[in-house]
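Peer 1: Fold the following for me, if possible:
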Amino acid sequence: MLSRRSVLKSLCASVPVFTFDQLLGGVPLGVRFVNVAREAGLHAKTIFGAENKNQYLLETTGCGVAFIDYDNDGWLDLFFVNGTRFQTSQLTGPQPVSRLYKNNRDGTFTDVTIKAGVARTGWGQGVCAGDYNNDGHEDLFVTYWGDCSLYRNSGNGTFTDVAAAAGVTTRTTTGLKRWNTGCAFLDYDRDGHLDLYVANYIDFDPKTAPLPESGPCLYKGLTVACGPPGLAGGKDILFHNNGDGTFTDVSERAGILKKQGTYGLGVLVADFDNDGWPDIYVADDSSPSALFKNNHDGTFTEVGVEAGVAFGPDGKTQAGMGVSAADVYGDGKLAIFKTNFAGDTSTLYRNLGDGSFEDMTFQSGLGRNTRFLGWGASFLDFDNDGWPDILTCNGHVYPEVKETANESGYRERKVLYRNDGHGKFIDVSLDAGPGILEIVPGRGCAIGDFNNDGNLDVVVNCVNDVPQLLRCESTLRNNWLKVKTVGAKSNRSGIGARVFCTPEGEHRQMDEVRSGGSYISQSDLRIHFGLAKAAKADIEVRWPSGQVDRITGVPANQVVTIVEGKGRAGD
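Peer 2: Next up, the predicted model:
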């Protein structure tokens, strides 16, 4: 008979995401994620393409999701992008629409979609948030295959789609519908008005697109939807905010059309070179990913290859999906994390501070997992120890895979990595609760503390399924702080503001207020810091305008609102 140690070694060989020593036993994680979507009232199913076999690639990408406090009551609400089907005969009942849920402050949500005026049907894709008109209310931009929606928040619980009037329509010059995907608001010229970046996937026309059988298009012997290789890639768009409620397409003038790669999905905006100006990283599928360096004059230079963030560690292109950034090493520089296709690893690029990055995927321990197909990508300090951890939201792109034993099937679990504070990530998925282990066809994923208990929760938009709302339950009793930014000379949302937090006796942390990111989704605009056991911390905010605000000795376990030029609200 095999010894216990031999059995565990055998298990480690078949489950490489978990170490042999961990299987023998170790310190309990102290945190578990539980799916409370049903109890919270999130029952509406996201519809996206046919459920068993897809004809077109458009049916595979799924939708994003947003944590947004649309009514400014201090509690995070939820917005789910929805899709549709080509086979309309398969739709029963009301047409699928994107949905807005109001937080009832008791762990439940109320569907306010119709009242809020956001019930649009179509091939929805991504969502990003920002107060583009500086009126104190967060607005939403929702991407589509076709014309996008810019939902102006009226401040009374309703939204108005002003996309056409604002000039953010997205038709191609040939009349084809653009396949718009990830988006992000940013103030790239630091004039105090939020501009808008929109990624594009392919110029898709179902009348001319190849079909699986006629392709033929195969994946490990299965006939599947064709693309993206071989299909005409779309062109990303940069809209400049004119300050009067309208936007101008400046893509060509700004240098965005010089992007080498195509098939854009996740959009990540951050100041990667620490010069005080926002840069743009785009995760491209099956082509080089792009890094646009801000030239401070309204233009960008694409430096992805030179910076070392265009390819994987073997120098080959990857199927990039979701993106996130964090000060992983506590050195004041933002690293990049990106999810990729099955058979590949996710990617971690360490920021070296000289305009270049080093691929640390395998050195950091993230190279263990290759069988998951990653979409949502998020840094989050789930245990509030002061170090950003990593969550990936997974699900295969081809529903046909569920009929085989390839990879992990169509429905997949999540992967949660704990940052050990020394540059290493430990896969703790199997100890992180049923919400992480539940298999779903995951796509968009956002992070936010929906019940205001100081622990970061997760919301997931699934393909042809109900969503997940993963409540984080912790027994660690670590402390935390949240920082809400209110701009004055800078944009009202404070997007682009760099926030430093120095807990008493702990290392200095840094993050930025960010629109968009993950996989075409929007996380809470408030910055979350874990403080470990520190009872207070010093906060510094460096605004896009150049203004710096500092407050010292802030007691733990609260949300702190900082107003540009005035410091802490209420002081």
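Peer 1: List the contacts of Asp249.
Peer 2: By CB atoms under 8 Å, 6 or more residues apart in numbering, the residues touching Asp249 are Gly167, Ile237, Leu238, Phe239, His240. To be clear about C-beta, it is placed using only N, CA and C from the backbone, and glycine gets the same treatment.
Peer 1: An error on my part: the question was meant for Lys177.
Peer 2: Applying CB under 8 Å, 6+ apart, the residues near Lys177 are Trp145, Gly146, Asp147, Arg171, Phe204, Asp205.
Peer 1: sec struct for the fifth one, please.
Peer 2: The assignment at Phe204 comes out as coil when based on DSSP: H, G, I helix; E, B strand; the rest coil.
Peer 1: hey, which helix or strand in the protein has the poorest pLDDT?
Peer 2: helix 4-14 (a mean of 33; mean pLDDT, DSSP states H and E).
Peer 1: still on that earlier bit, list buried residues within the contacts of Asp249.
Peer 2: Gly167, Ile237, Leu238, Phe239, His240 (16 or more other CB atoms under 10 Å).
Peer 1: which of these sit farthest apart?
Peer 2: Gly167 and Leu238 (12.8 Å; CB to CB).
Peer 1: Run me through the strand neighbours of the helix or strand encompassing Val499, direction for each.
Peer 2: In the assignment (DSSP states H and E), Val499 maps to strand 498-503. Applying DSSP bridges, strand 498-503 is found paired with strand 509-512 (antiparallel), strand 536-542 (antiparallel).
Peer 1: if I read this right, Thr170 contacts Leu238, doesn't it?
Peer 2: No. Between Thr170 and Leu238 there is no contact under CB atoms under 8 Å: 12.0 Å.
Peer 1: what sits in contact with each of these two?
Peer 2: Val198.
Peer 1: Adding mean neighbour count and distance to Gly266, write the strands paired with strand 498-503 out as CSV.
Peer 2: Output for the strands paired with strand 498-503, formatted as CSV (neighbours: other CB atoms under 10 Å; distance: least, CB to CB, whole Å):
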stretch, mean neighbour count, distance to Gly266
strand 509-512, 22, 16
strand 536-542, 20, 25
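Peer 1: Adding distance to Lys115 and mean pLDDT, write these out as JSON lines.
Peer 2: Below are the strands paired with strand 498-503 laid out as JSON lines (distance: least, CB to CB, whole Å; pLDDT from 0 to 100):
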{"stretch": "strand 509-512", "distance to Lys115": "33", "mean pLDDT": "98"}
{"stretch": "strand 536-542", "distance to Lys115": "35", "mean pLDDT": "98"}
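Peer 1: Which stretch among those approaches Gly353 most closely?
Peer 2: strand 509-512 (12.9 Å).
Peer 1: Which SSE is immediately downstream of that closest one?
Peer 2: Downstream of strand 509-512, the first helix or strand assigned by DSSP H and E is strand 527-532.
Peer 1: re earlier: what's the average pLDDT for the strand holding Val499?
Peer 2: Per-region confidence: strand 498-503 scores 98 on mean pLDDT.
Peer 1: Please save the CA atoms from that strand in CSV.
Peer 2: C-alpha atoms of strand 498-503 as CSV (Å, rounded to 0.1, in the frame of the first residue of the first chain):
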residue,chain,number,x,y,z
ARG,A,498,-1.6,58.3,-7.3
VAL,A,499,-2.3,57.4,-3.7
PHE,A,500,0.4,56.4,-1.2
CYS,A,501,-0.4,54.7,2.1
THR,A,502,2.1,54.2,4.9
PRO,A,503,0.7,52.1,7.7
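Peer 1: Now find how far off-centre it is within its chain.
Peer 2: Relative to its parent chain, strand 498-503 has a centroid offset of 22 Å by CA atoms, centre = their mean, to the nearest Å.
Peer 1: Compute the inter-axis angle for it and strand 527-532.
Peer 2: Here strand 498-503 runs at an angle of 20 degrees relative to strand 527-532 (axes from the mean of the first three to the mean of the last three CA atoms, to 10 degrees).
Peer 1: And the helix or strand encompassing Arg350, what does it pack against?
Peer 2: Following DSSP H and E, one finds Arg350 within strand 347-351. Helices and strands touching strand 347-351, by 3 or more CB pairs under 8 Å, 6 or more residues apart in numbering; DSSP states H and E, are strand 335-338, strand 357-359.
Peer 1: For Asp381, which of those is the nearest?
Peer 2: strand 335-338 (14.0 Å).
Peer 1: contact partners of the closest one?
Peer 2: Counting by CB under 8 Å, 6+ apart, 266, 268, 272, 281, 283, 289, 309, 318, 320-329, 346-351, 357, 360, 377, 379, 390 sit against strand 335-338.
Peer 1: Output it in PDB with nothing but the alpha carbons.
Peer 2: This file holds the C-alpha atoms of strand 335-338, laid out as PDB (Å, rounded to 0.1, in the frame of the first residue of the first chain):
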ATOM      1  CA  ALA A 335       3.800  45.800 -12.400                       C
ATOM      2  CA  ILE A 336       1.500  44.500 -15.100                       C
ATOM      3  CA  PHE A 337      -0.400  41.200 -14.900                       C
ATOM      4  CA  LYS A 338      -2.200  39.700 -17.900                       C
END
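Peer 1: That one - what's its average pLDDT?
Peer 2: 98.
Peer 1: Would you show me how to pick out the buried ones of the contacts of Lys177 in ChimeraX?
Peer 2: Applying 16+ other CB under 10 Å to the contacts of Lys177, the buried members can be selected in ChimeraX as follows:
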select :145,146,147,204
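Peer 1: In CSV, list the contacts of Lys177 along with pLDDT.
Peer 2: Shown next, in CSV, are the contacts of Lys177 (pLDDT from 0 to 100):
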residue, pLDDT
Trp145, 96
Gly146, 93
Asp147, 94
Arg171, 68
Phe204, 91
Asp205, 92
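Peer 1: Which members of the contacts of Lys177 are the farthest-apart pair?
Peer 2: Asp147 and Asp205 (15.4 Å).
Peer 1: mind showing which ranges of the stretch 1-150 of the chain have poor pLDDT?
Peer 2: Applying pLDDT under 70 to the stretch 1-150 of the chain picks out residues 1-27.
Peer 1: now the strands: where do they sit in it?
Peer 2: 31-35, 65-68, 77-80, 99-103, 109-111, 124-130, 139-144, 149-153 (DSSP state E, counting those that start in this stretch).
Peer 1: Which elements pack onto the third one?
Peer 2: Using 3+ CB pairs under 8 Å, 6+ apart as the contact criterion, the neighbours of strand 77-80 among helices and strands are strand 65-68, strand 99-103.
Peer 1: circling back: can you redo the helices and strands packed on strand 347-351 as a markdown table with mean neighbour count and distance to Gly74?
Peer 2: Shown next, in a markdown table, are those (neighbours: other CB under 10 Å; distance: least, CB to CB, whole Å):
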| stretch | mean neighbour count | distance to Gly74 |
| --- | --- | --- |
| strand 335-338 | 26 | 29 |
| strand 357-359 | 18 | 37 |
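Peer 1: so which of these comes closest to Glu213?
Peer 2: Of all the helices and strands packed on strand 347-351, it is strand 335-338 that lies closest to Glu213, at 32.7 Å by CB to CB.
Peer 1: All the helices of this protein, in order from the start?
Peer 2: With DSSP state H, the ranges of helices along the chain come out as 4-14, 20-24, 37-40, 113-116, 163-166, 251-254, 304-307, 434-437.
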